[in-house]
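> predicted model follows, preceded by the sequence.
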Amino acid sequence: MEHSCEKCQKPLRKKEGKKGTFWSCSGYPDCKFTLDDLNGSPMTLRCPECGELLRAGTNAHGTYTACLRKESHSDGQARFFDAAGQPRKSLQANGEFFCSECNGPLDYIMAKGKPMFICRNEEAHESKKARFFEDNNGAPIL
């Protein structure tokens with residue numbers, strides 16, 4: 001099945017790059033449209049809030065599908081989704097918690113595919129890095 005560029009309607013071509021497989025317009029360099037690869041097909045999922053194409057990636061916390069266009073969202077934050085394009089369920093901590101090293105506030109996040117707590121107050125830590133804490137049913141293990 002041939003996929004078309006949504007900008008110029010020329011065929012998309014599957015390519016291999018430094019960060020893995022992606023889809024590129026055959027009209028390059030005149031058209032620089034690209035899509036991420038999703039199981040061998042172009043990923044055409046869109047953000048339900050702003051309509052931007054979702055992007056897939058991998059970082060230190062694992063793989064993600066996200067809309068990174070923060071300025072288009074009501075709270076100025078990126079939106080993260082599961083592989084089917086459904087919003088990830090938001091995490092609810094069982095109260096407010098503070099870092100055992102610097103007493104800074106902890107955020108409850110998904111990291112490496114599991115819930116964790118993070119203190120982002122890097123300068124206050126001896127290591128000058130964010131501190132992560134394991135989750136125990138909505139409370140950090142300090």
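Perfect, thanks for sending it. Numbering: from 1, shown residues only.
> residue contacts, the closest residue to residue 87 other than its chain neighbours?
The shortest distance from residue 87 to any non-neighbouring residue, by C-beta to C-beta, 6 or more residues apart in numbering, is to residue 81 (5.7 Å). In short, each C-beta sits where N, CA and C put it, glycine included. Residues in contact with residue 81 (C-beta atoms under 8 Å, 6 or more residues apart in numbering) are 45, 54, 65-67, 87-88.
> just these: which are in strands?
Among these, the members found in strands (DSSP state E) are 65-67.
> closest to residue 33 out of the residues you listed?
Checking these against residue 33 with C-beta to C-beta, the nearest one is residue 67 at 17.1 Å.
> excluding residues flanking it in the chain, which one is nearest the closest one?
Nearest non-adjacent residue to residue 67, counting by C-beta to C-beta, 6+ apart: residue 47, 3.6 Å away.
> thought the one you found was touching residue 65?
No - Residue 47 lies out of contact with residue 65 (C-beta atoms under 8 Å); the separation is 10.2 Å.
> next, count neighbours for the residue nearest to residue 67.
Residue 47: 21 surrounding residues under other C-beta atoms under 10 Å.
> quick check: it vs residue 111, distance?
22 Å (C-beta to C-beta, to the nearest Å).
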